[in-house]
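**Q** the sequence isn't on hand, but the structure is:
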């Protein structure tokens, strides 16, 4: 589980020096960890022996050494003030990847493998998948970079991607990938920038992707992030709770992408950013967002808008147009239930209807916001309907039997029962039962 070799090596190793103490029990005495007597803790701003050059800034957890001109065999560690190596389990690793399936190798079934503590770079992965591969019942946890990187025609199912430094699952430029019934929990604990690459899952330039039945919980970034050039994806039946920025995020794409039957709860803001939505989508057109429950998120339940002037993968300037938001329930969100742009340049043809939205408690206004030219103010349901949106939607609070306990079974007489039409693209509910 700990990769690489220490001791008399003359190669500088940049690796995980110490993990937060709650990840592993701290040693009870010096003899419990053989490295402790040869570890030297340095203040954050102090000089290191030898000439290490520019060192990567990976939070507070940085280890270097031994140095060619310092043949003392010691590992030099920067820790927060008043901290000690003896409070942590220390690892000295140089292996960037633990298990790799080459692109020329196909039809591998990886079953029940556990990989921990790979000294991966931020976008490096402990497990590199190959084409036509099944990763089944595996665990990738506490690796410095990504847990698993996928390839075309692969399936990752019933696996645990836990507390990896950057992302749990990552991948790019792949087709026909299925991500089924996995746990994506506690990833990005090293707090890599969520405008760059981090979260429970991040995919780019993907075609025909199914992300179903996963649990994205407590990630220090997006729960599920689909970034740029996403075509014909289905994100359905996932449970997202207590992530940062959004439970589900889709951006810079055009075409049929479906986000349906998901539960997104309690999203927190990223440091220095207000984004904290159940489902967030920008610079994207033609998507369907339907039958989702978004509750207790710090900002919006569901938010779509135009943010940048970037180009789409297939060419042309990105827009936020022709998106459909139907049959969703948004309640108890901090600012509003829905944010949908009214028609304006590069934001046209968006449709929102048959939604149930609860009032925002702080001011009693209903949870819609009209984001028109000049950022027009919040609107309650009736003025919003006069603009052509949500004409069959309702504003209500008594929806569930035990909503406060996150048991979202409809209460007797709930307006969420029988309100909306059955959609051809979403014929079954969260439990797989026909609507």
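**A** It's in. Note that the coordinates shown come from a computational prediction; the quantities given were computed from them, not determined experimentally.
**Q** which residue ranges of the protein form helices?
**A** 381-386 (DSSP state H).
**Q** quick one: low-confidence parts of it?
**A** By pLDDT under 70, the weakly predicted segments of the chain are 1-95, 359-378, 397-398, 401-407.
**Q** now do the same contact list for residue 149.
**A** 125, 127-129, 169-171 (CB atoms under 8 Å, 6 or more residues apart in numbering). C-beta here means a position set from N, CA and C on the backbone, and glycine is covered the same way.
**Q** can you check residue 333 too?
**A** Here residue 333 is in contact with 277-278, 294-301, 360, 367 (CB under 8 Å, 6+ apart).
**Q** quick check: it vs residue 357, distance?
**A** 9 Å (CB to CB, to the nearest Å).
**Q** same check on residue 257?
**A** Residue 257 is 23 Å from residue 357, by CB to CB.
**Q** more neighbours: which of those two?
**A** residue 357 (28 against 24; other CB atoms under 10 Å).
**Q** burial count for the nearest residue to the more buried one once chain neighbours are set aside?
**A** Excluding the flanking residues, the one nearest residue 357 by CB to CB, 6 or more residues apart in numbering is residue 337, at 3.7 Å. Residue 337 has 32 neighbours, counted by other CB under 10 Å.
**Q** so residue 337 makes contact with residue 330?
**A** Yes. Counting by CB atoms under 8 Å, residue 330 is a contact partner of residue 337 at 3.3 Å.
**Q** common neighbours of the two, please.
**A** 294, 300-302, 355, 357-358, 367.
**Q** out of the residues you listed, which is nearest to residue 226?
**A** Using CB to CB, residue 302 comes nearest to residue 226 of these, at 15.4 Å.
**Q** who are the contact partners of that closest one?
**A** Residue 302 neighbours (CB under 8 Å, 6+ apart): 277-280, 289, 292, 294, 325, 328, 330, 337-339.
**Q** buried residues, stretch 217-233. List them.
**A** 217-231, 233 (16 or more other CB atoms under 10 Å).
**Q** just flag the most distant two among those.
**A** 218 and 231 (29.9 Å).
**Q** so in terms of bridging, what pairs with residue 100?
**A** Counting by DSSP bridges, residue 100 is bridged to residue 128.
**Q** surely it meets residue 128?
**A** Yes. Proximity of residue 100 to residue 128 meets the contact threshold set by CB under 8 Å, at 4.1 Å.
**Q** higher neighbour count, these two?
**A** Shown here are residue 100 and residue 128; by other CB under 10 Å, residue 128 has more neighbours (19 against 15).
**Q** dump the residue contacts of that one.
**A** By CB under 8 Å, 6+ apart, the contact list for residue 128 reads 97, 99-101, 149, 151.
**Q** over to residue 194?
**A** 188, 221-222, 244-245, 270.
**Q** go again with 7 Å.
**A** By CB atoms under 7 Å, 6 or more residues apart in numbering, the contact list for residue 194 reads 221-222, 244-245, 270.
**Q** please apply the same query to residue 392.
**A** So residue 392 contacts 353-354 (CB under 7 Å, 6+ apart).
**Q** ok, now how distant is it from residue 415?
**A** From residue 392 to residue 415 the distance is 11 Å (CB to CB).
**Q** also residue 331?
**A** Distance from residue 331 to residue 415, by CB to CB: 11 Å.
**Q** which one's more surrounded, these two?
**A** residue 331 (25 against 17).
**Q** so how far is residue 348 from that one?
**A** Counting by CB to CB, the gap from residue 331 to residue 348 is 29 Å.
**Q** and if you look at residue 321?
**A** Distance from residue 321 to residue 348, by CB to CB: 5 Å.
**Q** ok, the two, which is more surrounded?
**A** The residue with more neighbours, out of residue 321 and residue 348, is residue 321; 18 against 14, by other CB under 10 Å.
**Q** residues in contact with the more buried one?
**A** Going by CB under 7 Å, 6+ apart, the list of residues near residue 321 reads 285, 346-350.
**Q** just checking, residue 313 touches residue 205?
**A** Yes. If you go by CB atoms under 7 Å, residue 313 and residue 205 touch, sitting 6.1 Å apart.
**Q** anything in contact with each of those two?
**A** 228-229.
**Q** in stretch 306-320, what's buried?
**A** Buried-residue list, stretch 306-320, by 16+ other CB under 10 Å: 306, 312-313, 318-320.
**Q** go through these and name the one nearest residue 180.
**A** For the buried residues of stretch 306-320, the nearest to residue 180 is residue 313 (25.6 Å; CB to CB).
**Q** still on that earlier bit, need the contacts of residue 128 in TSV with distance to residue 264, can you?
**A** TSV is the format used below for these (distance: CB to CB, whole Å):
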residue	distance to residue 264
97	32
99	32
100	34
101	33
149	25
151	28
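**Q** let me know the closest of these to residue 387.
**A** The closest of the contacts of residue 128 to residue 387 turns out to be residue 149 (CB to CB; 44.4 Å).
**Q** separation between the closest one and residue 167?
**A** 9 Å.
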